[in-house]
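Chemist: coords below, sequence missing:
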């Protein structure tokens with residue numbers, strides 16, 4: 001059974017940086033495209049970033065483009081989200097997710113396209 005565990009969240013001042021990680025187990029990590037989503041209190045879960053299985057393809061939400069970078073290390077079964085120039089509106093619980101490998105046509109942005117989810121890590125950006 002695939003399991004995802006996020007780590008690295010915390011409190012950071014506006015303008016600062018943080019890198020969160022997600023460790024994958026229970027399957028062939030290099031076969032899974034991965035996504036990052038976030039959910040702020042009282043809001044719906046929203047797409048943040050997507051990375052293909054090889055790492056050569058990535059997609060970002062407009063709100064984080066140019067500030068966040070998604071990457072992966074298939075040797076370490078880990079996907080990362082480097083977050084720079086953080087803003088208070090980036091405050092949320094961040095979730096990593098593994099795309100359903102049976103889904104051939106996908107956008108990489110919709111939660112329903114992802115079969116496995118981590119428990120989330122809190123990122124809080126203060127003024």
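Modeler: Good, I have the coordinates. All values derive from a computational prediction rather than experimental measurement.
Chemist: the most centrally placed residue in the chain bridge partners, please.
Modeler: Geometric centre of the chain, nearest residue: residue 36, 2.0 Å, by Cα atoms, centre = their mean. With DSSP bridges applied, residue 36 shows beta-bridge pairing to residue 49, residue 96.
Chemist: would you mind measuring from it to residue 127?
Modeler: 24 Å (Cβ to Cβ, to the nearest Å). The C-beta positions use only the backbone N, C-alpha and C, and glycine is treated the same way.
Chemist: so residue 127 touches residue 15, yeah?
Modeler: No. With contact defined as Cβ atoms under 8 Å, residue 127 and residue 15 do not form a contacting pair (9.8 Å).
Chemist: so what's the closest residue to residue 22 other than its chain neighbours up against?
Modeler: Leaving aside its sequence neighbours, residue 22 sits nearest to residue 96 (Cβ to Cβ, 6 or more residues apart in numbering; 3.4 Å). Going by Cβ atoms under 8 Å, 6 or more residues apart in numbering, residue 96 touches 4, 6, 22, 34, 35, 36, 37, 79, 81, 117, 118.
Chemist: got a winner among those for most neighbours?
Modeler: Tallying neighbours with other Cβ atoms under 10 Å puts residue 79 at the head of the contacts of residue 96, with 29 neighbours.
Chemist: for the helix or strand containing that residue, which strands pair with it and how are they oriented?
Modeler: Residue 79 is located in strand 78-83, with elements delineated by DSSP states H and E. Sheet pairing for strand 78-83, assigned by DSSP bridges, gives strand 18-25 (antiparallel), strand 68-73 (antiparallel).
Chemist: could you dump these into CSV with mean pLDDT and distance to residue 50 added?
Modeler: Formatted as CSV, the strands paired with strand 78-83 follow (pLDDT from 0 to 100; distance: least, Cβ to Cβ, whole Å):
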stretch, mean pLDDT, distance to residue 50
strand 18-25, 98, 13
strand 68-73, 98, 7
